[in-house]
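1. generate coordinates for the sequence data below:
(2 chains)
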Amino acid sequence: MTLTEKILALHAGLETVRPGDLILVRVDLALANDVTGPLAIERFQEIGVETVFDRERVVFVADHFTPSKDVASARQCQQLRKFARAQGLVHFYEGGEAGVEHALLPEKGLIVPGDLVVGADSHTCTYGALGAFATGVGSTDLAAVMASGEIWLRVPESVRILLRGELRDWVESKDVILHLIGTLGVEGARYCALEFDGPAARAMGMAARMTMANMAVEAGAKNGIFPADEEVERYLRGRTDRKGMFLRSDEDAQYRETREIDVSTLEPLVAMPFSPDRVIPVREAGNIPIDQVVIGSCTNGRIEDMRSAARVLAGRKAAPTVRLLVFPATQECYRAALEEGLLSVFLRAGAIVGPPTCGPCLGGHMGILAEGERAVATTNRNFPGRMGAIGSEVYLTNPSVAAASAVLGRLGTPEELGGTSWP
Amino acid sequence: MALRSDWARSREETGKNRKKGRRVLLKGRAWKFGSNIDTDVIIPARYLTTHDPALLAPHCMEGADPDFARKCAPGDILVAEWNFGCGSSREHAPIAIRGLGVACVVAKSFARIFYRNAFNTGLPLLEVPGTVVDEIQSGDLLEIDLEANQLTVSPSGKRYPVPAIPPFMRELLDAGGLIPFVRKRLRQEGRYRET
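-> Numbers count the residues shown, from 1 in each chain, chains lettered A, B, ... in the order given. Below you'll find the model as predicted:
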């Protein structure tokens, strides 16, 4: 069996499972946010059970329209809060406790290898970076999980992606996943598990792996997953006492296909509007003046991403025509950025440093685009109207390219700025 | 609010005229869209401060056609190319579509979270061969027989066999969505308490 099949079989209480099987699995952790949670709560109440299946395993994070952007979104958070208190949920995060959910939950040590996680948010697949099976579902599915602790799933076929080689300077794991989405297409891995392995995958830190697993859904995948190793063990130390199951695919595991990527051949890439699979080298994009840069999100809002952006922005200023917005994804990341002097770099570069929030990524608030405006963003989607008006454009890149673009006033690479004076 | 699907209602109505009551006939005008229609296009995130179908419906498909909600009539059928519903997990997407009274979505393929959400909330989806979708134009009248698994396109009058909705999905639709389905299961297992 593959890694994904092993985790599913264990949670279904079965010896083996095969792709295509419909199985009922036990859920280790169920997640909702301020957009999907209220609907899940109402559906849960319709089911008619009194309490959630386990008050330590249902997690709510208020992160999408927070700090609340209007009365309606304040009511959504209020609904989460009331329910969380009434049910005695152990993990309800809002205000200064919160952060972008998929950056926050791993930090809190809530996910360990071998876990089965479902979340009412499509980027729940991020947790595959820790060797867990994690997938996004809708609010009604989540409500059923909140009541029963179980969910039906179809066992996905696995697609194996073997990564080898060493990344060149200014090329990041974001470029590897963009390259893959560009070659697979936005439905190339539809219903599949994307399994990342190989020396270059093992060489990646947790943040880099999370960026890749995060965007598995952009290729249509059900989940993205890395086999857990010492790096995961190191990451979890001090965050949780749970040990987890460190599993690997069997030698004779069956894959729909195996693809190899020599990451040393990659250069900084961009996903052009209006689809994450319209991927080309930044170098070939031509002269594209921009109005805004967004650095943050569950894809690239971690401290490693902040360092990557700061390395380019140190001693430089954003072009006067560009609004540079930086959103550290969690409070822990924010504090680290402060202590490492990164916030000072951003402020001197003319950035607005915002609170941890999903806001601008999904066109919620704190950085909405008008018609005809263009943004370079380290986020994950660039469909029509994603960050604001229909007719506004989003270009997806890694954090160092986004930072360089802010300085240049157009889409461009750090190389064009002549490198860095930052360590 | 009880989740009561149009599907279950229409099944009841048509059932009165038939002994077995499994025939489901959907008739409506086709509205055709392209590939990779994502949830940001189906219902932009800025409207996600509610999940009231009546408030979401006026913005349905706004990203592809700002006038769509005004033109679409109850019973109409959305037709799309590949990967309909890709992107976010927002259930507001099938809710907005159902809010307009759309009877069914027909496409060459669907994104997986949208697929679950639609059946969970009682919106039938029909995955059909690409050649069938290619034959359909906006404005055509479609007749879908979900018992005979047949799709008729007018004015051409051509009939096409279509794959059956998978049995488990059909069970969900017949139950009226996932919530009634789960209630039933929990009650059978004795885990359900009336509140």
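
2. where does chain B have low pLDDT?
-> B:1-23, B:191-195 (pLDDT under 70).

3. show me where it has strands.
-> Using DSSP state E, the strands assigned to chain B run over residues B:25-32, B:77-80, B:104-107, B:125-127, B:141-145, B:150-154, B:158-161.

4. could those strands go into CSV alongside mean neighbour count?
-> C-betas here are computed from N, CA, C, even on glycine. Converted to CSV, these look like this (neighbours: other CB atoms under 10 Å in any protein chain shown):
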stretch, mean neighbour count
strand B:25-32, 18
strand B:77-80, 25
strand B:104-107, 25
strand B:125-127, 20
strand B:141-145, 17
strand B:150-154, 17
strand B:158-161, 14
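
5. out of these, which gets nearest to residue B:117?
-> Nearest to residue B:117 among the strands of chain B is strand B:125-127; the distance by CB to CB comes to 9.9 Å.

6. circling back to that earlier point, so can I have a markdown table of the strands of chain B showing distance to residue A:94?
-> Shown next, in a markdown table, are those (distance: least, CB to CB, whole Å):
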| stretch | distance to residue A:94 |
| --- | --- |
| strand B:25-32 | 40 |
| strand B:77-80 | 37 |
| strand B:104-107 | 36 |
| strand B:125-127 | 35 |
| strand B:141-145 | 45 |
| strand B:150-154 | 48 |
| strand B:158-161 | 51 |
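
7. with distance to chain A added, can I get the ones you listed in JSON lines?
-> Converted to JSON lines, the strands of chain B look like this (distance: least, CB to the nearest CB, whole Å):
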{"stretch": "strand B:25-32", "distance to chain A": "17"}
{"stretch": "strand B:77-80", "distance to chain A": "12"}
{"stretch": "strand B:104-107", "distance to chain A": "11"}
{"stretch": "strand B:125-127", "distance to chain A": "11"}
{"stretch": "strand B:141-145", "distance to chain A": "23"}
{"stretch": "strand B:150-154", "distance to chain A": "23"}
{"stretch": "strand B:158-161", "distance to chain A": "22"}
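
8. which secondary structure element contains residue A:239?
-> According to DSSP states H and E, residue A:239 maps onto no helix or strand at all.

9. same check, this time on residue A:234
-> Using DSSP H and E, the element containing residue A:234 is helix A:230-236.

10. continuing past that helix, what's the next helix or strand?
-> By DSSP H and E, the next helix or strand past helix A:230-236 is strand A:257-262.

11. just checking, what packs against the next helix or strand after that following strand?
-> Next helix or strand after strand A:257-262 toward the C-terminus (DSSP H and E): strand A:269-271. Under the contact definition 3 or more CB pairs under 8 Å, 6 or more residues apart in numbering or on different chains; DSSP states H and E, strand A:269-271 sits against helix A:173-184, strand A:279-281, strand A:393-396.

12. how about those, which one is nearest chain B?
-> Closest approach to chain B among the helices and strands packed on strand A:269-271 (CB to the nearest CB): strand A:393-396, 10.3 Å.

13. do the closest one and chain B meet?
-> No. Using CB under 8 Å from any CB of the partner chain, strand A:393-396 never reaches chain B; the gap is at least 10.3 Å.

14. again with stretch A:168-182
-> No. For a cut-off given as CB under 8 Å from any CB, stretch A:168-182 has no contacts with chain B; the smallest distance is 11.7 Å.

15. and if you look at stretch A:11-29?
-> Yes. Counting by CB under 8 Å from any CB, chain B is contacted by stretch A:11-29 at residue A:22.

16. what residues sit buried inside that stretch?
-> By neighbour count on 16 or more other CB atoms under 10 Å in any protein chain shown, the buried set for stretch A:11-29 is A:11-12, A:17, A:19, A:23, A:25, A:27-29.

17. so who does residue B:55 touch?
-> By CB atoms under 8 Å, 6 or more residues apart in numbering or on different chains, the residues touching residue B:55 are residue B:47.

18. residue A:73 against residue B:49, yeah?
-> Yes. Proximity of residue A:73 to residue B:49 meets the contact threshold set by CB atoms under 8 Å, at 5.1 Å.

19. what touches both of these two?
-> residue A:65.

20. show me what the helix holding residue A:234 is packed against.
-> helix A:206-214.

21. is the nearest residue to residue A:365 once chain neighbours are set aside in a helix, a strand, or coil?
-> Leaving aside its chain neighbours, residue A:365 sits nearest to residue A:69 (4.0 Å; criterion: CB to CB, 6 or more residues apart in numbering or on different chains). Assigned by DSSP: H, G, I helix; E, B strand; the rest coil, the conformation of residue A:69 is coil.

22. next: residue A:161.
-> Residue A:161 ends up strand, using three-state DSSP.

23. can you give me the helices in chain B?
-> Here chain B has its helices, by DSSP state H, at B:6-16, B:39-42, B:53-56, B:68-71, B:92-99, B:112-120, B:130-134, B:167-175, B:178-188.

24. cool, and the stretch 301-423 of chain A?
-> A:303-313, A:331-339, A:342-348, A:399-408 (DSSP state H, counting those that start in this stretch).

25. among these, which is nearest residue A:123?
-> Per CB to CB, nearest to residue A:123 of those: helix A:303-313, 15.0 Å.

26. run through who's touching that closest one.
-> Contacts for helix A:303-313 (CB under 8 Å, 6+ apart): A:172, A:205, A:207-208, A:211, A:295-296, A:326, A:328, A:332-333, A:336-337, A:340, A:342, A:345-346, A:349, A:351, A:378, A:398-400, A:402-404, A:406-407, A:414, A:417, A:420, A:422-423.

27. just flag the most distant two among the buried residues of stretch A:11-29.
-> A:19 and A:29 (24.1 Å).

28. please work out how many residues are found near residue A:50.
-> 9 (other CB atoms under 10 Å in any protein chain shown).

29. verify the contact between residue A:363 and residue A:384 for me.
-> No. Assessed by CB under 8 Å, residue A:363 is found out of contact with residue A:384, at 10.6 Å.
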